[in-house]
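Asker: Structure for the following, please:
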Amino acid sequence: MSARGYFFVFTFFSFLIASAAFGQVAGHNVNMVSGTQWPTGDPFLQRQNEPSMAVSSRNPLHLFAGANDYRTVDLPGILDGEPTGDAWLGIFKSFDGGQTWISNLIPGYPQDQSQTGLASPIKGMQAGADATVRQGTNGMFYYSGLGFMRGTYQSKVFVARYIDDNNNEGGDTIRYIGTAVVDSSTGHHFIDKPSLTVDIPRAGAGTCSIPGTAATSTAPAIPVQTFAAGNIYIAYTNFVGQTGSTNTQLEFTRSTDCGATWAGPHMLSQTLRTNQGATLAVDSVYTTRRFYGFYGFTSPGRRQRPSHI
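Answerer: Numbering: from 1, shown residues only. Next up is the predicted model:
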């Protein structure tokens, strides 16, 4: 090989190394909550934490996120005479790759008097927490969370569905479809900490039908959308026994129609006194492989090692 050839090879590999080392550059931090008008803003500068985010499968610049959101705490005129409000679950949308954001709350929060909020099956819950957001095919987003009443064992694990219509450049194209309750407790046990994952449509998959919308002054009409359904899997912790008990079971269930309905739960584990912290994953190659990870404890504060898969 000539000296010129050696120089070319050296230069080429130097370029590859430099690209690998410097290809990813973090940008500046962007506040995902802005504005002073409640509830689309946070005039009391409250906190948001434990975020979860996904990228639209129809447009990679469209981002959708969820988090515990405390903008509902410091509100005047709280219902039922309570001195303060309680936390809920926020939604956050970006349509320019995260440079700017708009935000709001999952419908059904205590102060929500909209038609959509009053129709939500989690309306009446005092607080919300534990957001997990995952994207599906055809612009779908799935948002799991927990609605609950403090001081009691009443709680609901739910999945809210959104879709990115991707039909209005510069506008908000991620719309709310509805919320379905996966499981609920009326006070004899407490369900907690849902974890969600979404599969692609496989052979023999069912069909999803997403309702359309009428045309408005700012957006065209959206027809009914029909496409193949990828299964959605969710696992959560079920605290059983008397109030304050740490005895738990891990429950698991799925939806085969894009989150509209859910099968009855199946128990994953009851071998140890306490089982919690489920994490789910789907094998993208082998269609029958599903992975469930969780912690097991033999007694409070003592984790059984290794964690279970």
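Asker: pLDDT on stretch 134-153, on average?
Answerer: In this model, stretch 134-153 has an average pLDDT of 92.
Asker: Buried ones in that stretch, by neighbour count?
Answerer: 134-149, 153 (16 or more other Cβ atoms under 10 Å). The way it works is simple: take the backbone N, C-alpha and C, and place the C-beta from them, glycine included.
Asker: Check stretch 183-195 too.
Answerer: Buried-residue list, stretch 183-195, by 16+ other Cβ under 10 Å: 183-185, 189-195.
Asker: State the pLDDT value of residue 283.
Answerer: For residue 283, the model assigns a pLDDT of 75.
Asker: re the thing from before, taking the buried residues of stretch 134-153 one by one, which sit in strands?
Answerer: 134-135, 140-148 (DSSP state E).
Asker: quick one: which of these is nearest residue 120?
Answerer: Nearest to residue 120, judged by Cβ to Cβ, of those is residue 147 at 9.2 Å.
Asker: For that closest one, which non-adjacent residue is closest in space?
Answerer: Once flanking residues are discounted, residue 147 sits nearest to residue 125: 3.3 Å by Cβ to Cβ, 6 or more residues apart in numbering.
Asker: burial of the one you found, as a residue count?
Answerer: Applying other Cβ atoms under 10 Å, we find 22 other residues in the vicinity of residue 125.
Asker: could you check the distance from it over to residue 186?
Answerer: 12 Å (Cβ to Cβ, to the nearest Å).
Asker: Quick check, residue 144 in contact with residue 194.
Answerer: Yes: the pair residue 144 / residue 194 is scored as a contact, 4.6 Å apart, by Cβ atoms under 8 Å.
Asker: joint contacts of those two?
Answerer: Counting by Cβ atoms under 8 Å, 6 or more residues apart in numbering, the common neighbours of residue 144 and residue 194 are 130, 132, 157, 182, 234.
Asker: Please indicate which of these are buried?
Answerer: The buried subset of the shared contacts of residue 144 and residue 194 - by 16+ other Cβ under 10 Å - is 130, 132, 157, 182, 234.
Asker: quick one, what contacts the residue nearest to the spatial centre of the chain?
Answerer: Nearest to the mean C-alpha position of the chain, counting by Cα atoms, centre = their mean, stands residue 133 at 2.2 Å. Neighbour list for residue 133: 52-54, 64-66, 141-143 [criterion: Cβ under 8 Å, 6+ apart].
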